[in-house]
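[1] Quick one, fold the following:
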Amino acid sequence: MKTESQTPSRLEMNLAFPDLLVKTHHGNVHLRSLIQNKRVIIVTNPSEMIPIAEENRKELVQSLKKIKKLNFHLIGFNRNTFDEHLRAINWINSYLTDDLVFPVFYQPKNDVKTCLERDLGKEITLRNPVYFLDKTGCTRVVLEGFRATNDTLDRIVEQASRLVLSEQPLQLGQSLRDN
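    Below you'll find the model as predicted:
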């Protein structure tokens, strides 16, 4: 009996996220200046987040609200075609309320993966990675991105919650409820 090799759906690391040059409507900006002192989730190919069914759209909005409550900022890097990038931007800007809109940058080369692999010393085999960055700009966890049959948004919210809890200082004799 032959078994298929499984790619990991989660990768833990503590590497500085690459300081890429991104194009914004204010001009070219280094990413580090945008994410400084913020918890950030970077989604690869956010156009795949766009739901087809109405109930899934409501789930997306609820998940984005939970991410916002956890004080995470969401950023997207589209690697697909520029047309798909524009479609994603238009959908995000027209469907989401202003407080939930997040920046999406077009990056066809996937420089993030290349830089992290160089520093990590091994290949990241995840198809559409989702990067979780702490306030220092370090990549803490990388999750497998969007697939047609998974609950990626729930996993993103769950991982964000874990990272927030792991940052909480617990003193001897003190419970989580006291913090």
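
[2] This protein: helices as residue ranges?
    Here the chain has its helices, by DSSP state H, at 31-35, 54-69, 82-95, 111-120, 152-167.

[3] I'd like these as CSV, with distance to Asp134 appended.
    Glycine gets a C-beta too; all of them are placed from N, C-alpha and C. Shown next, in CSV, are those (distance: least, CB to CB, whole Å):
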stretch, distance to Asp134
helix 31-35, 10
helix 54-69, 15
helix 82-95, 25
helix 111-120, 15
helix 152-167, 7
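
[4] Can you check which of those gets nearest to Phe132?
    Shortest distance between Phe132 and those, using CB to CB, is found for helix 152-167: 5.9 Å.

[5] Go ahead and measure how far the closest one is from the middle of the chain.
    Averaging C-alpha positions (CA atoms, centre = their mean, to the nearest Å) puts helix 152-167 11 Å from its chain's average.

[6] Packing partners of that helix?
    If you count contacts as 3 or more CB pairs under 8 Å, 6 or more residues apart in numbering; DSSP states H and E, helix 152-167 packs onto strand 39-44, helix 54-69, strand 130-133, strand 138-143.

[7] For that helix, give the mean pLDDT please.
    Across helix 152-167, pLDDT averages out at 86.

[8] So, low pLDDT: which residues of this structure?
    1-9, 147-150, 168-179 (pLDDT under 70).

[9] and the closest residue to Glu167 other than its chain neighbours, what does it touch?
    In space, and not counting its chain neighbours, Glu167 is closest to Asp134: 7.4 Å by CB to CB, 6 or more residues apart in numbering. Residues counted as contacts of Asp134 (CB atoms under 8 Å, 6 or more residues apart in numbering) are 39, 140, 163, 167.
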